[in-house]
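Q: what follows is a predicted protein model with its sequence.
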Amino acid sequence: MRFSALKILKEALTGHKGWQPMWRDPVPQAEYDYVIVGGGGHGLATAYYLAKEFGQARIAVLEKGYLGGGNVGRNTTIIRSNYLLDGNEPFYEFSLKLWEGLEQDFNFNAMVSQRGILNLIHTDAARDAATRRGNAMLLNGADAELLTRDQVRAMYPWLNFDNARFPIKGGLLQRRGGTVRHDAVAWGYARGADMRGVDLIQNCEVTGLRIEGGRIRGVDTTRGHIGARKVGVAVAGSSGKVMSYAGMRLPIESHVLQAFVSEGLKPFIDGVMTFGAGHFYVSQSDKGGLVFGGDIDGYNSYAQRGNLPVIEDVIEGGMALMPAIGRARLLRTWGGIMDMSMDGSPIIDKTHVDGLYFNGGWCYGGFKATPASGWCFAHLLARDEPHKTAAAYRFDRFLRGAMIDEKGQGAQPNLH
Amino acid sequence: MIINHPILGPRDAAEFVYLGDAALINRPDGMTASVETFHDYLYLRDNPAGEHRELWYHEQGDRSWLVVTRNTVTHEITKVELARDVARAQGRSK
Amino acid sequence: MTQVNRIAGGQIDRSQTLRFTFDGIPYQGHPGDTLASALLANGVRLMGRSFKYHRPRGVIAAGSEEPNALVELRTGARLEPNTRATVVELWDGLVANSQNRWPSLRFDALAINDRFNSFFTAGFYYKTFMWPAAFWEKVYEPIIRRAAGLGSLSHLEDPDAYDKGFLHCDLLVIGAGPAGLMAALTAGRAGLRVILADEDYALGGRLNAETFEVGGQAGSDWAAGVVAEVSALPNVRVMRRTTVYGAFDHGIYGAVERVSDHLAEPLPGKVRQTAWKIYSRRAILAGGATERPIAFENNDRPGVMLAGALRAYANRWGVAAGQRVAVFTNNDDGLRSATDLQAKGVDVVAVIDSREGGELLPGIRHLRGAEVVDSQGRLGLTGITVRDARGRTEVIRVDALGVSGGWNPNVNLLSHHRSHPTWREDIAAFVPGTGGPVGLVAVGAAAGAFSTHAALASAARAAAQVVSDLGGKASYDLPQAEDAPVAISPLWFVHSGKGRAWIDPQNDVTIKDVKLAHQENMISVEHLKRYTTLGMATDQGKTGNVIGLAVMAELTGRSIPETGTTVYRPPYTPVALGALAGRSRGKEFKPFRLTPSHKWAEEQGAVFVEVGMWLRTQWVPRQGETEWRQSVDREVLATRKSVGICDVTTLGKIDIQGTDAAAFLDRVYANTFSTLPVGRCRYGLMLREDGMVYDDGTTARMGPNEFVMTTTTANAVLVYRNLEFARQVLWPDMDVQIISTTEAWAQYSVAGPNARKLLQKIVDQDISDAAFPYMGAGEITVGGLRARLFRISFSGELAYEIAVPTRYGDALIRALVEAGREWDAVVYGTEALGVMRVEKGHVAGNELNGTSTALNMGLGKMVSRKKDAIGVKLSGREVLVAEDGLRLVGVKPVNPAHPLTAGSHLLKIGATPVVEHDDGWLTSMVYSPHLGHHIALAYLKNGAARIGERMRAVNLLARTDIEVDIVSPHFIDPEGERLRG
């Protein structure tokens, strides 16, 4: 069934009897060619592209909870490709280009909204860094503009320009950045994959990996054994646990990142904005809520909830930047588990087990990567070689000294 | 969170800085260990969902490094030790 | 204006009249009123509009769970959008306005959406607005955003102040209803340090809204008596208007006290709100319960309320919600509303009781086995359609309907640690499950103990248990109180026709939406929530969520507990962002760190710059200088020509002592320090364990076992932390002690050919080149006063850094400037400092970017492989030592008139500007007044081998493309003759 305005009109006039399930709830088959572990954004996108772009079949996605229940369902919805390093920027620009055609591709309105993302600059050194970054973006075919203080002021006159501890001196703007309705991304991929024959199996937790003679044979699950020729793991937040079934230790720690939404307010923030002198970024949703966040709590956690110091730190940053939000109210906070990697960049790679592939380590930036991550993981699964934009996302980069460290923080995950 | 400092008693975790897995105590010898050994030490983690021994530094306090045993699922803290004592017990000296 | 619905009784002070306006119309109320009770008293039912369909909305609740009656309170910079009228205490002169409507509340243009509701089903927007692609941002979304949001912010700076505070207690009691009061009384009498917090301004909880007695007196009087007793106890702190909004780890709770929200504006010197962090050993949740409605068609009209709220308005505020009232219930508690209202003389025209059989209420038309199936009225309720046990329908004319579908324990705080509540069939409600915050127990209605007696008993028991757990002894007497059983036959929604029945009146989620979600296989409770937005309104679904679950349960043939619940998240009720930020805003966002000569610099008219939390002198303009470059160029030229003075106090300083101090430094620096003679200093590179340089600085050997280390300003704290790690954890038996002395010393750089002459005038010792050679260091005196002198140079000139105890910093800068007068000494700031270090080719922040090795910086030879030092091993990884890796070079424009820009990328002549041709970038750029053109440092691939190559510095952002020559990074005095002078 194709979604369209016409379809809605028809259904509205006939009592909405014709809407079909978004996806089936199939019984797992005994064996698949491809088993994707994890029905979050990246897993679903991988299955979708495997079927659609790489012509593969006999694909299942195994999800321990509900589809889209991973970080795709609990993030702050930002998309951008404003990266600095050569290992990253081509990948994220590929992802942004996929976002730009995504809704027409999978026939689901995920509200990809290119409202612009503005990184504020508060020091001369930050301007130098933004200049370097903006040029790296342009050299990679992305878009970037360096704004003066006056240009920023024209965009957001209510920012704290006159009484700031760290004055705004300009900004790096990527107009093609923006926001996406996060749940809809999971649902769009799920529906698109289901329509192409992918079995989406919810409430099916992988409890073991069946490995024989150095080769993957399948997975053990709470719904029994499922055979597989190839297994792709995309389970951010549980990466360590699942890969431990293959005896692997990862260059990843699990950390909690909190996110925040205010009560609905009449829109006044058009785009996405990040504070350069504190831990705070914000956008405003199409429902009117200020969606914002800051830094991770900083300690290993699987608890999906955080603590007060970071809540206060983030909101202090918000008030410092936008003194008018004092009388808006915080509606809800929540936490997600981040795969924090050792250099702040992800891994899409084979493992020492034939047929076992890994996708993880997205830190708190995995949402924007969803389309390219799915595409590149599907590429790797189908062709056994990395996609050219994801060629740097290897396990062995730490051994070789080829880290992709955007922040320059080194091997300390909670600083990335 | 509250960390029960072995010398100073209960202190808000906000006074501390977090480093990570207490396995970072076991730094290989730079003159004898291989790059691979250093790689495993610096970059790989057990990252357990459950009990985790981890390093915290009392930056807004007495500047002790502590080994805190904390559950990463419940955040319950069951043990707090001076990292120096732990390091010595593990055979580190000079 | 008369208060048409004001009836006798209630806890309001009728001796005083308060005036207020709503949408510009003046009304009157009394102290004790909320905005909602006062509006109802004045016969105002229409208070807002819903989010999606812009349907008329009136108040449905009497507490903080209210989803509908949201107003913009106050005006100007104090405007507060989305304020629940049910929790606003009335004050004289209060101004409130309705929101999310245009042009007026009664005639809202967007109510047109309601006509098209059959198109605007759950998730309709996911299925359309996709063509053409470009229309989303340009056409569809602007229209959607114009309709988005509820209230407006003023966009002016919040004029009020907020505080933060810390409280400690043995027991935190959350909620001061009968259970909370009993718990606080029991624990307080036993001597525990107790905090009793309640969101309301009147303590007593439901006792204020009920007519029954406790201990032989009116419930509210009993409450007042307990409040008086515990308030008098020195170990009990009673906090009104205080919402405990979140449960965090290890007994820490977040609470917000609304100090001044009941006033027109805060009293002078007072804050609007205080955000408390409460550290408790134990906590008791006595947060009561929230009534839920029963869904039926058109159940959203103003005048349809919760039955318990109807009763609360009558009993507590002396307000009848209408002139002709009916009650629709599935449980005995609903009957209480009818009898209470009737006792107050309100015309209760019918009680529609969905339960079959049982006793009938005397003197009231009590319809058993009946249901309300529809309602009438445009801007307010005018009638309900009732279907009786035999299926006959009739329209009953009413202007208020109280609905009771039972009560939900307020388990919210208990699920803040993501534990799920469990289902109790007998009360048809979720009660606290296991796995909640450690140390927190629920009592009273929050635990499903709904009768007053049960609430008091459970609270007293729990408090006594806490007392005993903490080593005390408690006893208690339970006062006499009603102990009515919960008599409920669950009814969640009325099966009837094709109309809409609301379960989330704010977001306009109806039963149809739940059915559509089911039809589309969005049946997981999380999918239901996310697809329909059920429970995502400002009340987090406190009243209606469970109905959505019940509908889904029926559709899927599962039970409600099998269907599951979503998790409540903090905060319990929305919290003003200002409160959570406290004082950290504006200039007070972060503290200022000022050097001892800051005041002096201010006197000189210095321009300051933020460097971390420090303010440093950036340059010091002299009369006639209108442009910053004039000042900086002058400072540089004067320093290089004669002498300049710069405040370098902000550099990190660490004293390191002990018999293993030298060996320790060998471990933490990549280069060797154990060979450093006493009285000398050495430049050091500090690596992270991954081999990247993260800090540099000079360290002086003041004695055999005594060193003074300097770090960069930015990394002072980090270096110190890492030294402690190395000392305590990596090499715990080394005899080495460290202490940060950054704040203990004021330090000044004196640089330039006349530096020695200047200093010699003020120091007591001989500092001739022979006595104090290049890289010398030592203790000296200045006018007999203890000081330290280091002959080090960042500028490349003959230079010293002199340090005195902080309290003499101001005196020293004045002395230095005075002494330098005869050589026209200048004071230079960070800009001139930066110019001179780039001229000299020293790395600084922009080069110490955390991804650069010593090799990248051209300092590879400093890394000693003869010893074990942090970072050395991994700095040798294959990619990091690649021949063609980045190397630090100098860059100058071919045409001296051409400017350079830091951040420009280096490309070969003729190469197209694409990433494959990207060879490096300019890290730091300055104008060198000495050379008369811009110069820059750069990281360039294989840079060492490319000195002399002509390239382009391309800045695509500014569309500039400058031809440059790659040169040595040492622009001035590469042989170092000046600094050895």
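A: Structure's in. What do you need?

Q: any idea how far C:Thr186 is from A:Arg249?
A: Computed as Cβ to Cβ, to the nearest Å, the A:Arg249 to C:Thr186 distance reads 52 Å. For the C-beta atoms, the positions are set from N, CA and C on the backbone; glycine is no exception.

Q: more neighbours, these two?
A: C:Thr186 (30 against 14; other Cβ atoms under 10 Å in any protein chain shown).

Q: residue contacts, the more buried one?
A: C:Ala459, C:Ala460, C:Ala463, C:Ala464, C:Val467, C:Ala474, C:Tyr476 (Cβ atoms under 8 Å, 6 or more residues apart in numbering or on different chains).

Q: repeat the analysis, applying 6 Å as the threshold.
A: C:Ala460, C:Ala463, C:Ala464, C:Ala474, C:Tyr476 (Cβ atoms under 6 Å, 6 or more residues apart in numbering or on different chains).

Q: run a quick neighbour tally on C:Gly363.
A: C:Gly363, neighbours per other Cβ under 10 Å, totals 10.

Q: ok, for it, nearest residue in space, not its chain neighbours?
A: C:Gln342 (6.8 Å; Cβ to Cβ, 6 or more residues apart in numbering or on different chains).

Q: what count of nearby residues applies to that neighbour?
A: By other Cβ under 10 Å, 19 other residues sit near C:Gln342.

Q: tell me what the helix or strand where it lies is packed against?
A: Using DSSP states H and E, the secondary-structure element containing C:Gln342 is helix C:332-343. If contacts are counted by 3 or more Cβ pairs under 6 Å, 6 or more residues apart in numbering or on different chains; DSSP states H and E, helix C:332-343 sits against helix C:307-317, strand C:324-329, strand C:347-353, strand C:400-404.

Q: average model confidence for the third one?
A: Confidence over strand C:347-353, taken as the mean pLDDT, stands at 97.

Q: pairing partners for it, with directions?
A: Strand C:347-353 pairs in its sheet with strand C:324-329 (parallel), strand C:366-368 (parallel), by DSSP bridges.

Q: gap between the longest one and the chain center?
A: Here the centre of mass of C-alpha atoms in strand C:324-329, compared against the chain's by Cα atoms, centre = their mean, to the nearest Å, lies 43 Å away.

Q: what's the angle from that strand to helix C:307-317?
A: Computed by axes from the mean of the first three to the mean of the last three Cα atoms, to 10 degrees, the angle separating strand C:324-329 from helix C:307-317 equals 130 degrees.

Q: quick one: contacts of strand C:324-329?
A: Outside strand C:324-329, the residues touching it (Cβ under 6 Å, 6+ apart) are C:307, C:334, C:337-338, C:341, C:346-353, C:372, C:398-404.

Q: need the pLDDT of the closest residue to chain B within chain C.
A: Closest to chain B within chain C is C:Asp868: 3.3 Å, counting by Cβ to the nearest Cβ. With respect to pLDDT, C:Asp868 has a value of 97.

Q: which SS class is the residue nearest the centre of chain A?
A: Per Cα atoms, centre = their mean, the C-alpha nearest to the average position across chain A is that of A:Phe367, at 1.3 Å. Following DSSP: H, G, I helix; E, B strand; the rest coil, A:Phe367 is assigned to helix.

Q: next one: the one 4 residues further on
A: Using three-state DSSP, the structure places A:Pro371 in helix.

Q: who's in contact with the residue in the stretch 1-150 of chain C that chain A sits nearest to?
A: In the stretch 1-150 of chain C, the residue that lies nearest chain A is C:Gly149 (2.8 Å; Cβ to the nearest Cβ). C:Gly149 sits next to A:Gly264, A:Leu265, A:Lys266, A:Pro267, A:Gly288 when contact means Cβ under 6 Å, 6+ apart.

Q: take the residues you listed and write them to JSON lines, including secondary structure and neighbour count.
A: Output for the contacts of C:Gly149, formatted as JSON lines (DSSP: H, G, I helix; E, B strand; the rest coil; neighbours: other Cβ atoms under 10 Å in any protein chain shown):
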{"residue": "A:Gly264", "secondary structure": "strand", "neighbour count": "29"}
{"residue": "A:Leu265", "secondary structure": "strand", "neighbour count": "24"}
{"residue": "A:Lys266", "secondary structure": "coil", "neighbour count": "19"}
{"residue": "A:Pro267", "secondary structure": "coil", "neighbour count": "20"}
{"residue": "A:Gly288", "secondary structure": "coil", "neighbour count": "24"}
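
Q: quick one: the residues you listed as a markdown table, columns for pLDDT and distance to chain C too.
A: Formatted as a markdown table, the contacts of C:Gly149 follow (pLDDT from 0 to 100; distance: Cβ to the nearest Cβ, whole Å):
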| residue | pLDDT | distance to chain C |
| --- | --- | --- |
| A:Gly264 | 96 | 4 |
| A:Leu265 | 97 | 5 |
| A:Lys266 | 96 | 4 |
| A:Pro267 | 96 | 5 |
| A:Gly288 | 96 | 3 |
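
Q: coming back round to it: most packed of the strands paired with strand C:347-353?
A: strand C:324-329 (a mean of 27; mean count of other Cβ atoms under 10 Å in any protein chain shown).

Q: closest residue of the stretch 551-700 of chain C to chain A?
A: Nearest residue of the stretch 551-700 of chain C to chain A, counting by Cβ to the nearest Cβ: C:Gly578, 3.0 Å away.

Q: which residue sits closest to that residue, ignoring its sequence neighbours?
A: In space, C:Gly578 is closest to A:Gly326, 3.0 Å off (Cβ to Cβ, 6+ apart).
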